[in-house]
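>>> got a predicted structure here, sequence first:
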Amino acid sequence: MKADCGEMHPLDQGLAIQKPVFLMARQAGTERKMADKTYLKTTLAISILFVLLGVCGTAHAEIIYVDDDGPGDFTNIQAAIDAAVDGDVVIIAPDTYTGDGNRDIDFHGKAITVRSIDPNDPNIVAVTIIDCNGTRIDPHRGFYFHSNEDANSVLAGLTITNGYASYGGGAIYCGYSSNPTITRCNITANVSGSRTEGSGRGGGICCELSSPIISNCTFLRNHAYYRDWQYPNTGLGGAMYCSRSNLTIINCTFLENGAPGYGGQLHFQW
């Protein structure tokens with residue numbers, strides 16, 4: 001007896017019912033794998049993009065020129081530093097820089113270099129001058145490091161003069177765990193003194209809780225005193241004063257610096 005071709009065996013019916021379900025599951029699995037691959041590719045592409053952005057961000061350091069006569073990018077040093085980012089170099093044209101923006105200069109913790117056009121040329125260093133014009137009534141120093149600067153914050157090839165700080169560091173103050181590199185600078189005729197109380201500390205540089213590297217600098221005729229030398233044994237460190245600091249001094253010259261208290265040239269205390 002022939003089977004009716006229009007009918008289907010019950011077992012075949014069961015297979016027919018299950019087959020679409022199996023195909024749907026396999027299709028869903030395939031789509032999930034494709035989605036996973038797409039996600040991985042997208043994630044990888046984004047990661048590569050961020051890496052490339054990071055490389056591009058660090059590969060192109062800017063050179064920023066300062067010239068108070070106008071041709072440079074900026075006419076004062078602080079404005080150039082404010083515009084700089086880590087890795088940039090601020091180059092200062094030979095001239096005498098005075099007034100706001102050219103004294104009490106702050107690196108703001110940036111890993112940048114601020115230098116003359118040629119720190120290795122003493123003649124260039126001698127004519128690239130930061131004149132602070134500081135007085136007891138209107139105190140100003142050259143540079144103020146206080147934002148955790150490290151050795152990658154570099155000051156090079158400048159003459160800093162006529163700074164006056166009522167407490168410490170007539171030319172440069174380093175404190176609050178700031179550890180800059182100061183090299184090939186002339187620190188000349190700066191004063192640290194107090195108008196009211198305490199003692200002048202570091203006519204040239206004052207370091208407190210800091211570890212700068214100071215190399216190949218000349219300290220000339222800097223003084224630390226208290227109230228115009230009227231009281232003895234108060235000024236500390238005519239050229240440099242260091243307290244609770246672990247600084248490095250390499251090949252520096254100290255001439256005609258003075259303090260009536262301790263350390264006509266250098267004073268260290270812990």
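Now that the structure is in, tell me what you want to look at.
>>> what about the helices in this protein?
10-59, 77-83, 122-126 (DSSP state H).
>>> show me what the second one is packed against.
What it means is helix 77-83. Packing partners of helix 77-83 (3 or more Cβ pairs under 8 Å, 6 or more residues apart in numbering; DSSP states H and E): strand 63-66, strand 89-92, strand 113-116. C-beta here means a position set from N, CA and C on the backbone, and glycine is covered the same way.
>>> nearest to Gly99, of these?
Of all the helices and strands packed on helix 77-83, the one in closest proximity to Gly99, counting by Cβ to Cβ, is strand 63-66 (13.4 Å).
>>> mean confidence score for that closest one?
When pLDDT is averaged over strand 63-66, the result is 98.
>>> isn't Asn133 up against Arg103?
Yes - look at Asn133 against Arg103 with Cβ atoms under 8 Å: they come within range, at 7.2 Å.
>>> neighbour-wise, which of those two wins?
Between Asn133 and Arg103, counting by other Cβ atoms under 10 Å, Arg103 is the more crowded of the two (25 against 14).
>>> the more buried one against Arg141, yeah?
Yes - Arg103 lies in contact with Arg141 (Cβ under 8 Å); the separation is 6.9 Å.
>>> what do these two both touch?
Common neighbours of Arg103 and Arg141, using Cβ atoms under 8 Å, 6 or more residues apart in numbering, are Cys132, Gly134, Gly163.
>>> may I ask which of those has the most neighbours?
Highest neighbour count within these: Gly163, with 31 neighbours (other Cβ under 10 Å).
>>> let me see the contact set for it.
Arg103, Cys132, Gly134, His140, Arg141, Gly142, Gly169, Gly170, Ala171, Asn190, Val191 are the contacts of Gly163 under Cβ under 8 Å, 6+ apart.
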